[in-house]
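> Provided below are the primary sequence and the corresponding predicted coordinates.
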There are 4 protein chains.
Amino acid sequence: MIIVLKGTATDDELYEIVEAVKEYGYSAEVVKGESKTIIGAVGDQKEKQQHMNLIGQLPGVEAVVPILQAHKLGSREFKHDDSSFPVGNTIVGGDKLTLIAGPCSVESEEQIIEIAKTVKASGATILRGGAFKPRTSPYTFQGMGVEGLKLLRKAGDLVDLPIVTEVLDLKNLDIISEYADMIQIGARNCQNYALLKAVGKTKKPVLLKRGMSTSIYEFLLCAEYLLAEGNMSVALCERGIRTFETATRNTFDINAIPVLKERTHLPVIADPAHGTGYWQYVSPIAYAAIAAGADGLAIEVHNKPEVALSDGGQSLKPKKFQAMVGKARIIAKAIGKEL
Amino acid sequence: MIIVLKGTATDDELYEIVEAVKEYGYSAEVVKGESKTIIGAVGDQKEKQQHMNLIGQLPGVEAVVPILQAHKLGSREFKHDDSSFPVGNTIVGGDKLTLIAGPCSVESEEQIIEIAKTVKASGATILRGGAFKPRTSPYTFQGMGVEGLKLLRKAGDLVDLPIVTEVLDLKNLDIISEYADMIQIGARNCQNYALLKAVGKTKKPVLLKRGMSTSIYEFLLCAEYLLAEGNMSVALCERGIRTFETATRNTFDINAIPVLKERTHLPVIADPAHGTGYWQYVSPIAYAAIAAGADGLAIEVHNKPEVALSDGGQSLKPKKFQAMVGKARIIAKAIGKEL
Amino acid sequence: MIIVLKGTATDDELYEIVEAVKEYGYSAEVVKGESKTIIGAVGDQKEKQQHMNLIGQLPGVEAVVPILQAHKLGSREFKHDDSSFPVGNTIVGGDKLTLIAGPCSVESEEQIIEIAKTVKASGATILRGGAFKPRTSPYTFQGMGVEGLKLLRKAGDLVDLPIVTEVLDLKNLDIISEYADMIQIGARNCQNYALLKAVGKTKKPVLLKRGMSTSIYEFLLCAEYLLAEGNMSVALCERGIRTFETATRNTFDINAIPVLKERTHLPVIADPAHGTGYWQYVSPIAYAAIAAGADGLAIEVHNKPEVALSDGGQSLKPKKFQAMVGKARIIAKAIGKEL
Amino acid sequence: MIIVLKGTATDDELYEIVEAVKEYGYSAEVVKGESKTIIGAVGDQKEKQQHMNLIGQLPGVEAVVPILQAHKLGSREFKHDDSSFPVGNTIVGGDKLTLIAGPCSVESEEQIIEIAKTVKASGATILRGGAFKPRTSPYTFQGMGVEGLKLLRKAGDLVDLPIVTEVLDLKNLDIISEYADMIQIGARNCQNYALLKAVGKTKKPVLLKRGMSTSIYEFLLCAEYLLAEGNMSVALCERGIRTFETATRNTFDINAIPVLKERTHLPVIADPAHGTGYWQYVSPIAYAAIAAGADGLAIEVHNKPEVALSDGGQSLKPKKFQAMVGKARIIAKAIGKEL
């Protein structure tokens, strides 16, 4: 870390700061300038974040600036090459793009089986579907629960696709771990650290969605909660951030794709449905995400979006989905990947 | 709801939309204009949100606009007068301001007892302290857990103050309910609906902190999850939102205070420490919050912020806290309240 | 517009509101529901925005909701098909993508001519370069001024490329109109209405950059200022918006591309350099923008970015630019366009 | 500045960086740590910002971190004590709060004179009124222009109040300088550097409004454009920033008040009307601003807001204004100031 002193800092204050820095286990080099003095403190203490906070409060300190990224196991410095891991009969990460597709919510056996067949036929590699749903209002449909989970499993088995579904709380984690091939942690739970730790312990593959106001720096630390439990099968999912723009439900942060690919070896999946909120923008943003370097897509598909119990407005119909996959395939090929 | 048709909508589409509206149980009044046609649909169906989504996808529909606020039990229409409720030996809500104070984290018996005495002496009405801590990095201090909870209880009993502490997950809810007088739901869990429902069921008083990207509209719906379980002892806490500004850790949304006071009967508490992130701005923002109409303050106080294990940089020392309370008291009086 | 009445509105208030609506020249249809009454007011008065404000203040009114988009000449309703227009010897808009390239600032004759040759060779269709620079700090390089403008013209003529440069104020508009083929209005001036009107009057092609906190709705109204002066040669440029994310300088709003293409017939250009702020992210975001449907790119190219007098950190070197164009060409082809 | 090297930086790269740093005129101290090397570079070159950009692009450099604030003349380091300056017969800055009041737009002689009398009677110290109006849509009222300016002057003279009005462009600057006592630079022009320089040259007192996405750091640099021209009579005006929250038109950044008071000696004025967008929130936010340490208020007052040609919805009626001033006076007194 770098400690910048106030212009008014006294020699005594400087001395005290240097002593504190050393006591915490860092080397301390003092650089005196005409108008400012700075101290370079180098070391790799585990409690560095906390030490920075504490030093920041000493008299005479103007600012403390970190010089190492806070995430470790997920960093390119820890592992240089792209990660990939199996989810059922497919691989997430690598040159073959992942295509997660299915309805927002499982609504009935008939619905999930029909959609499973259709997305499989169009090239999906993982079947998605919500059984437990986080909803903004307590007065709307909250998901079919365990029954929905079992139907999703049945549909996945029928069409030979692994399944991913969201976990909302510790209570249902065991049963979801039993039935699902991959566990999704939703945007609202991205910084629910208790849940992250518990999911990390399951060692099941995880699809971690970015919170709508989670910075990339924090997102990588959320993933670190999973990795620190020994679970290295983590895919990061960009799904839009909250900004002032109201023409779309969220602002899909396309920049996050190259930034994440630079900073971490973990696969990056794009969710253009939540990233825009309207079905007519899903395909263009899906193409954009692939062009920017995403390792896969998560797409909401519904056979009858106009009667969907949730998120119908951002779901593609099977025909639109098929068309989207066709075009996405060409773009993937253009940048040397395969869908 | 109001349904706006596209300029290109055909009579057949209009007919289909009207039929759908009626089928969902609403009255439908068609208003034809020169360039646009609109339909007024009135009714109070429970699944209105979902119906709006579905109608929004019908051919010919440009937009669907809600005309009723989505929250019910928390609204001024449901209950006109300000709510108040007891927390231990004090009342939250009403003309006497609530003053929640204490350290970010309980760190030791000595620490929490010393701080409890000092904040009590300065006029605090509720003692706060974190036992289970949500931290951005998995590599930093995560709280003392149950032991911390028991120490907080001991300190509260010693100085005769009720206590509030944060719950992170369902696992620890029972023990926190047993020991604490008020349960805090933190900003990161504001939209953790599973937790909201469970806390609602306990019927314990709740301090619900606004998420850092939770809109006021959504915040009221989060409270609704608690109220809908029959728990009416809910205080809302504004603690800053995430914006582009980096001079402060968050942007304290002072506007939220009069907006919330207008829309809900629930008490509104201000947390200027998280709302700014720096101790030197805590007092001015505390004064501002009272002047804007807040029903109370939540303040981080630490006897030795420079060695605090968390949030030291935004904690007040006991003397500064005492001075702050003194000035806040004068401002409260100026607007006809008492601290 | 739709007028929603308060639950407490009296019949007298309703009557007064209906009278006011009619007086302003609109038809008024009253829709009474169980809990709310709404009024549909249809008409196309020029001062509609103002009327809405005024009606919104009448006793008994809860909200006034617009039902027509505020922009007219730029809308797809006004002109259904994509617009295109000539800039020098090239066409902006249509199936052939526009490729604007050049340095952030013109720095010397040698520099601009060298870069002009190199971007021309790689396929650029318009040469860019700043002569008058808006800078955050008054203590940094402010551009070469008129001399820079003349050098840019000379370089453009030499390689047979039309030129675009930014206008900062009315003072230099005449000379810029004389020398440049296309006038750029920068992000900081996007809502500088005096400048918009004056540039509109010149009838020169315009590259209008989105302000960093300008919503899409407002952006279209900014363009409307130009169109309303009779200048229909306007290209819109997405260049990133300001959000909480600090890993990049701005957040490139990829969603804006399909949204703008849906709402307006004007061409949409993407500026990935400002949209990210770092050269290593420029190429992926350029590919993404084309995949999402942009009509062109604006790219900063510098032969020696490490000594550039401005924005060096987000400029591509000629070789990187050439490689980017090659790959962008393949993606353009994949979606049926040509670069 | 502090230069952080990549973990992979070679000794040759380190050498080149140190050479570059020295060449630009800074001292260079190298601090080698186990995992990272940093260089402390100290000096006060005028082109420091640019040097930082250039060094940031050298091979081996991970980041360049500034250690001095970029603004100079406006900083507390340049001038420790609060500034104040005369505007007509009043003083802006100091213990007596400034109270700017008047309509959004001058609409007629009768209107402005009536409002001038009423705000003077309630304690206003400066009369405001817009003659040239920046409007989002080209189809709405754009102000009375020069005629409005003359009416404002007449009204100010009649009630013996200095006047402030907004300048939109260079074209009208001369006539505004002639008639007005203080020149307002609006939020949309906050980073219009050409205008800032020109207004700085007039040496007239300036009310500089913060742009809706201007950071505090940038806001101080905008002021610096005025100060660098030798104009030290500058008051900064916080008027709300753009965030995701839509319950209010903008989010009034109350934090900005103590932050600005800490970093600059210039007076800070609060504009709660634009900061909220709704008249019913104006008074609470005005109280909050005073409590937080603002040096004054700018309030929109209209005798008939329901027929105002602009911003009627956020204007106070004379009686409400009078009541607001009364309560604000008590709060000011509570914190040792006078209104």
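That came in fine, so what should we check first? Residues are numbered from 1 along each chain as shown, chains lettered A, B, ... in the order given.
> CA atoms for contacts and neighbours, from now on please.
Will do.
> Around the nearest residue to A:Lys201 once chain neighbours are set aside, count how many other residues there are.
Nearest residue to A:Lys201, sequence neighbours excluded (C-alpha to C-alpha, 6 or more residues apart in numbering or on different chains): A:Glu229, at 5.7 Å. Counted with other C-alpha atoms under 10 Å in any protein chain shown, residues neighbouring A:Glu229 total 17.
> show me the contacts for A:Glu229.
Shown in contact with A:Glu229 (C-alpha atoms under 8 Å, 6 or more residues apart in numbering or on different chains): A:197, A:200-201.
> Which members of these are classed as buried?
The neighbour-count test (16 or more other C-alpha atoms under 10 Å in any protein chain shown) marks A:197, A:200 as buried among the contacts of A:Glu229.
> Next up, phi/psi of A:Ile241, please.
phi -120, psi 170 (degrees, to the nearest 10).
> Can you tell me which of the contacts of A:Glu229 is nearest D:Ala298?
Using C-alpha to C-alpha, A:Lys197 comes nearest to D:Ala298 of the contacts of A:Glu229, at 50.7 Å.
> Spit out the contact partners of the residue in the stretch 201-339 of chain A positioned nearest to chain C.
Per C-alpha to the nearest C-alpha, A:Ala288 is where the stretch 201-339 of chain A lies closest to chain C, at 3.8 Å. A:Ala288 makes contact with A:254, C:254, C:287-292 under the criterion C-alpha under 8 Å, 6+ apart.
> where does chain A have low pLDDT?
Chain A contains residues with pLDDT under 70 at A:33-36, A:44-46, A:67-70.
> Which parts of chain A are helices?
A:11-23, A:48-56, A:109-122, A:146-159, A:173-179, A:193-202, A:216-227, A:256-263, A:272-276, A:279-292, A:318-334 (DSSP state H).
> Just say which of those helices is most tucked in.
Ranked by mean neighbour count, these are led by helix A:272-276 with a mean of 29 (mean count of other C-alpha atoms under 10 Å in any protein chain shown).
> does chain B sit close to that one?
No: judged by C-alpha under 8 Å from any C-alpha of the partner chain, helix A:272-276 and chain B are separated, with a smallest distance of 14.7 Å.
> could I have that helix exported to CSV, CA atoms only?
Coordinates of each C-alpha in helix A:272-276 appear next as CSV, following Å, rounded to 0.1, in the frame of the first residue of the first chain:
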residue,chain,number,x,y,z
PRO,A,272,-28.9,-10.2,-22.2
ALA,A,273,-32.4,-10.7,-21.0
HIS,A,274,-31.9,-9.2,-17.6
GLY,A,275,-29.3,-6.9,-19.0
THR,A,276,-31.9,-5.2,-21.2
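> Could you check stretch A:134-143 against chain B for contacts?
Yes: interface with chain B: stretch A:134-143 contributes A:134-140 (C-alpha under 8 Å from any C-alpha).
> now the closest residue to A:Ala332 other than its chain neighbours, which residues is it bridged with?
In this structure, A:Ala332 finds its nearest non-sequential neighbour in A:Glu338, 5.7 Å apart by C-alpha to C-alpha, 6+ apart. With DSSP bridges applied, A:Glu338 shows beta-bridge pairing to A:Lys96.
> Spell out which residues of the stretch 101-250 of chain A are next to chain D.
Residues of the stretch 101-250 of chain A lying near chain D (C-alpha under 8 Å from any C-alpha): A:242-245.
> Would you check which pair of those lies furthest apart?
Within those, two members stand farthest from each other by C-alpha to C-alpha: A:Arg242 and A:Glu245, at 8.1 Å.
> For the residue in the stretch 201-339 of chain A that chain D sits nearest to, grab phi and psi.
In the stretch 201-339 of chain A, the residue found nearest to chain D is A:Phe244; the distance is 4.2 Å by C-alpha to the nearest C-alpha. A:Phe244 has phi and psi values of phi -70, psi -20 when expressed as degrees, to the nearest 10.
> Compute the distance between A:Val167 and chain B, please.
Using C-alpha to the nearest C-alpha, to the nearest Å, A:Val167 is found at 10 Å from chain B.
> got a list of what that residue touches?
A:132, A:173, A:176, A:183-186.
> distance of the residue nearest to A:Lys201 from B:Tyr139?
Computed with C-alpha to C-alpha, to the nearest Å, the distance linking A:Glu229 and B:Tyr139 is 12 Å.
> for A:Gly211, same thing?
In terms of C-alpha to C-alpha, A:Gly211 sits 20 Å off from B:Tyr139.
> Same check on A:Asp311?
37 Å.
> For the two, work out which one has more neighbours and name it.
A count of neighbours by other C-alpha under 10 Å puts A:Asp311 above the other of A:Asp311 and B:Tyr139, at 23 against 18.
> Quick check, that one in contact with A:Val106.
No: counting by C-alpha atoms under 8 Å, A:Val106 is not a contact partner of A:Asp311; they are 11.9 Å apart.
> OK, contacts around A:Phe321?
Residues counted as contacts of A:Phe321 (C-alpha under 8 Å, 6+ apart) are A:119, A:122, A:301.
> what about the residue nearest to the first one when sequence neighbours are not counted, how many neighbours?
When the adjacent residues along the chain are set aside, A:Val119 lies closest to A:Ala101, with 6.4 Å between them (C-alpha to C-alpha, 6+ apart). Counted with other C-alpha under 10 Å, the burial measure for A:Ala101 works out to 29 neighbours.
> A:Ala101 reaches A:Gly296, doesn't it?
No: counting by C-alpha under 8 Å, A:Ala101 does not reach A:Gly296; the two are 10.8 Å apart.
> Show me what from the stretch 201-339 of chain A comes close to chain B.
A:212-213, A:218, A:221-222, A:224-225, A:228, A:242, A:305-313.
> what do you get if the cut-off is 10 Å, keeping everything else the same?
Contact residues, the stretch 201-339 of chain A versus chain B (C-alpha under 10 Å from any C-alpha of the partner chain): A:211-214, A:217-229, A:241-244, A:279, A:305-314.
> mind giving me the domain split of chain A?
According to automatic domain parsing, chain A is divided into the following domains: A:2-65, A:85-334.
> For A:Val206, give me its contacts.
Counting by C-alpha atoms under 10 Å, 6 or more residues apart in numbering or on different chains, A:Val206 makes contact with A:87, A:164-166, A:181-185, A:196, A:199-200, A:223, A:226, A:231-236.
> again but with A:Val64, I slipped
Counted by C-alpha under 10 Å, 6+ apart, A:Val64 has contacts A:1-5, A:38-40, A:51-57.
> Return the closest of those residues with respect to D:Ser83.
A:Leu5 (25.8 Å).
> roughly how far apart are the closest one and chain D?
From A:Leu5 across to chain D, the span is 9 Å (C-alpha to the nearest C-alpha).
> Kindly tell me how buried the closest residue to that residue other than its chain neighbours is, as a neighbour count.
Take A:Leu5 and drop its neighbours on the chain: the residue closest to it by C-alpha to C-alpha, 6+ apart is A:Val61, 4.5 Å away. Residues near A:Val61, counting by other C-alpha under 10 Å, number 21.
> Buried residues of stretch A:236-256, list them for me.
For stretch A:236-256, a neighbour-count test (16+ other C-alpha under 10 Å) marks A:236-245, A:247-256 as buried.
> can you list the residues of the stretch 1-150 of chain A near chain B?
Residues of the stretch 1-150 of chain A lying near chain B (C-alpha under 10 Å from any C-alpha): A:46-51, A:53-59, A:70-71, A:132-141.
> Show me the common contact partners of A:Ala101 and A:Gly296, please.
With contacts defined as C-alpha under 10 Å, 6+ apart, the residues shared by A:Ala101 and A:Gly296 are A:Thr125.
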